[in-house]
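*Asks:* What would the 3D arrangement of this be:
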Amino acid sequence: PSRCCRAGYAVLLANPRGSIGWGVEFTEANIGDFGGRDYEDIVAGVDALVAQGIADPARLAIGGWSYGGFMAAWAVTQTDRFRAAIVGAGICHWRSFHGVAEIGTWDAISLRACPYEQAGRYDQFSPIHYVAKVRTPTLIMHGIEDTIVPVGQGYELFRALKDHGVPTELVLYPREGHAFKEYAHNLDRQRRFLAWFQRYV
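*Replies:* The predicted structure follows:
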């Protein structure tokens, strides 16, 4: 069990549209819709746990890494139902991501959009554009050498949350890319996850 499970938290590991395991149609179901139906699937999972009495609606938190980090950043711009959030190596601004990421063609293909179109999908689905709505204390974590989701995404979100008075911390890990390799860093990351939830949830 994860540290969060052992600490008494119920952990929902959602498999929203756009994930794998249910065929090609399911995996491609969020193309051009990042933060749309996939976000609805995650919320539906949370609602189901609340309805079953497993989750306390007054003590919810959200967190994720990579696309899950984007989803956590997106979620706190769409609702204030979460008491705490963790954004790990997440995208907050699709246009700036496109300009510097190693996988800078993936977003154009997957969003089915031009990164330079104003008010298009790059703006519509970028958490940074809705940051004024955020009230959720948000911990941001990132590897300094990440070339998949460059660390600038973490800096942008951190600055935006600070500018809007949202409780936030930015933790950067030296020598780490998108997937952490060093044991001490992975251990520290898990401890910080739990401490952030214990502090705000």
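
*Asks:* could you pull out the helices for the chain?
*Replies:* 3-6, 24-27, 37-51, 67-78, 94-100, 106-111, 121-124, 152-163, 183-200 (DSSP state H).

*Asks:* pLDDT on the first one, on average?
*Replies:* Averaging the model's pLDDT scores along helix 3-6 yields 63.

*Asks:* now the helices of the chain as JSON lines including distance to Pro137 and mean neighbour count?
*Replies:* All C-beta atoms are positioned from the backbone trio N, CA, C, and that covers glycine. Compiled in JSON lines, those are given as follows (distance: least, Cβ to Cβ, whole Å; neighbours: other Cβ atoms under 10 Å):
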{"stretch": "helix 3-6", "distance to Pro137": "16", "mean neighbour count": "12"}
{"stretch": "helix 24-27", "distance to Pro137": "33", "mean neighbour count": "11"}
{"stretch": "helix 37-51", "distance to Pro137": "18", "mean neighbour count": "16"}
{"stretch": "helix 67-78", "distance to Pro137": "9", "mean neighbour count": "24"}
{"stretch": "helix 94-100", "distance to Pro137": "24", "mean neighbour count": "19"}
{"stretch": "helix 106-111", "distance to Pro137": "28", "mean neighbour count": "16"}
{"stretch": "helix 121-124", "distance to Pro137": "26", "mean neighbour count": "19"}
{"stretch": "helix 152-163", "distance to Pro137": "9", "mean neighbour count": "20"}
{"stretch": "helix 183-200", "distance to Pro137": "5", "mean neighbour count": "15"}
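
*Asks:* Which stretch among these approaches Lys133 most closely?
*Replies:* Closest approach to Lys133 among these is made by helix 67-78 (5.4 Å; Cβ to Cβ).

*Asks:* From the chain's centroid, how far away is the closest one?
*Replies:* 4 Å (Cα atoms, centre = their mean, to the nearest Å).

*Asks:* For His185, which non-adjacent residue is spatially closest?
*Replies:* Counting by Cβ to Cβ, 6 or more residues apart in numbering, His185 lies nearest to Tyr173, which is 4.9 Å off, once chain neighbours are set aside.
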